[in-house]
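Colleague: fold the following.
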Amino acid sequence: MSRVGSSPVAIPDGTDVQVSGQTVSAKGKLGEMSIEIPSDIEVMQEDGSVVVKPRSNSKRARMAWGTSRSLVDNLVTGVSEGFTKTLEITGVGYRAAVQGKNLNLQLGFSHDVNYPIPEGITINCEGQTTVVISGADKQVVGQVAAEIRSFRKPEPYKGKGVRYQNEQILRKEGKKK
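Modeller: This is a model prediction of the structure:
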């Protein structure tokens, strides 16, 4: 029995959730989103919460049960509170700035890296070395953060590069004479 799937998803105040067939749609202060649930899973709305249950005891239904519940929870949380990821830039001369609909990154290359900001995502630069990515869709926020980090991953000798906030970089010792 799934420990994640068996707990219901609470609907916060100010959020409207509609269940029609296998489609769950939520509307809140940060926008409107919907998700399609697999046919092996049954979704019901009961007194202020969304309950997710498998239709049968098949292996496929049990595998999709917890995942479906997590997707519904992320949907409800996204439209009510949103998700954020914070990136830190470390290195001499490394900096970031938002210019219109682009994120301009100076990461030690001979050229600046311009990253177009996707729809539904807001990027703020708190100072020159901190980038805050926020949005309603957890998957898109994580994908954008991973793409920005991939431009210059932190290296193990000096720790220079783009890393997640509170990410531990395994440091190596340099050459010895």
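Colleague: can you list the weak-confidence ranges in this structure?
Modeller: Along the chain, the parts satisfying pLDDT under 70 run over 1.
Colleague: change it to 90
Modeller: Scanning the chain with the threshold set as pLDDT under 90 gives 1-6, 21, 46-48, 62, 159, 174-177.
Colleague: what's the first helix or strand after the longest helix along it?
Modeller: For the chain, the longest helix by residue count, based on DSSP state H, is helix 59-80. Using DSSP states H and E, the next helix or strand after helix 59-80 towards the C-terminus is strand 83-90.
Colleague: so what's residue 152 up against?
Modeller: When contacts are counted by C-beta atoms under 8 Å, 6 or more residues apart in numbering, residue 152 touches 91, 94, 105, 107-108, 160-162. Every residue, glycine included, has its C-beta placed from N, CA and C.
Colleague: can I get the buried part of those residues as one PyMOL selection?
Modeller: Applying 16 or more other C-beta atoms under 10 Å to these, the buried members can be selected in PyMOL as follows:
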select buried, resi 91+94+105+107+160+161+162
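Colleague: re earlier: what is the orientation angle of the longest helix of the chain with strand 83-90?
Modeller: 80 degrees (axes from the mean of the first three to the mean of the last three C-alpha atoms, to 10 degrees).
Colleague: and helix 59-80, how far from the chain's centre?
Modeller: Distance of helix 59-80 from its chain centroid, counting by C-alpha atoms, centre = their mean, to the nearest Å, is 14 Å.
Colleague: now residue 57: how far from residue 71?
Modeller: According to C-beta to C-beta, to the nearest Å, residue 57 and residue 71 sit 21 Å apart.
Colleague: related to what we said a few turns ago, of the contacts of residue 152, which is the nearest to residue 139?
Modeller: Nearest to residue 139 among those: residue 162, at 19.8 Å, using C-beta to C-beta.
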